[in-house]
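**Student:** give me coordinates for this.
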Amino acid sequence: MGGKKREAVVTGTGNVFRDLGLADPEDRKLRVQLAVRLNELIDEHRLSQKAVAKRFGILQPHVSDLRNFKLSRFSSERLVRFITMLDRDIDIVIRPRDSVRKIGQVSVLFTV
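**Tutor:** Next comes the predicted model:
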């Protein structure tokens, strides 16, 4: 008949890890957000992987993992500590959740 095939479009939740059905989606999202900022700071400081490894007290191959967003070896707490080692302060603000969402969320906001 030549009719066009229709595909369903599903709106995402705002967390790709949740949409993919992966374990610990909120923690995964948080670690990616922290790693994005951490990699930006490494670039701003113009640090080599060797220099980052020395500053953070980790092996250079682990820095490579971080730079390539292979984050399984890094907890959120560890990423936060690394950010503070690059001369940044971190404030944690706890506020009422948006009434639209069923559960609260964690977001990382960057300031200059």
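**Student:** what values do phi and psi take at the residue most central in space within the chain?
**Tutor:** For the chain, V32 is the residue whose C-alpha lies nearest the centre (C-alpha atoms, centre = their mean; 1.6 Å). Dihedral pair for V32: phi -70, psi -40, per degrees, to the nearest 10.
**Student:** for it, what are its contacts?
**Tutor:** 69, 71 (C-beta atoms under 8 Å, 6 or more residues apart in numbering). In short, each C-beta sits where N, CA and C put it, glycine included.
**Student:** let the chain start at 31 from now.
**Tutor:** That works, and once the first residue is 31, the last one we named lands at V62.
**Student:** neighbours of the closest residue to G42 other than its chain neighbours, just the number please.
**Tutor:** Nearest non-adjacent residue to G42, counting by C-beta to C-beta, 6 or more residues apart in numbering: D49, 5.0 Å away. By other C-beta atoms under 10 Å, the residues close to D49 number 13.
**Student:** for D49, grab phi and psi.
**Tutor:** phi -60, psi -30.
**Student:** can you pull the pLDDT of the residue nearest to the centre of the chain?
**Tutor:** You'll see V62 listed with a pLDDT of 95.
**Student:** gap between it and K35?
**Tutor:** The spacing between V62 and K35, counted by C-beta to C-beta, to the nearest Å, is 34 Å.
**Student:** now the helix or strand harbouring D95: mean pLDDT?
**Tutor:** In this structure, D95 sits in helix 90-97 according to DSSP states H and E. The pLDDT scores in helix 90-97 average 98.
**Student:** how about that helix, which residues are buried there?
**Tutor:** Using 16 or more other C-beta atoms under 10 Å as the test for burial, helix 90-97 gives 92-93, 95-96.
**Student:** how about stretch 38-57?
**Tutor:** 47, 55.
**Student:** same question for stretch 67-84.
**Tutor:** Residues 67-68, 71-72, 77, 79, 82-83 are the ones in stretch 67-84 that count as buried (16+ other C-beta under 10 Å).
**Student:** now swap in stretch 95-113 and tell me
**Tutor:** Buried, per 16+ other C-beta under 10 Å, within stretch 95-113: 95-96, 101, 104, 106, 108-110, 112-113.
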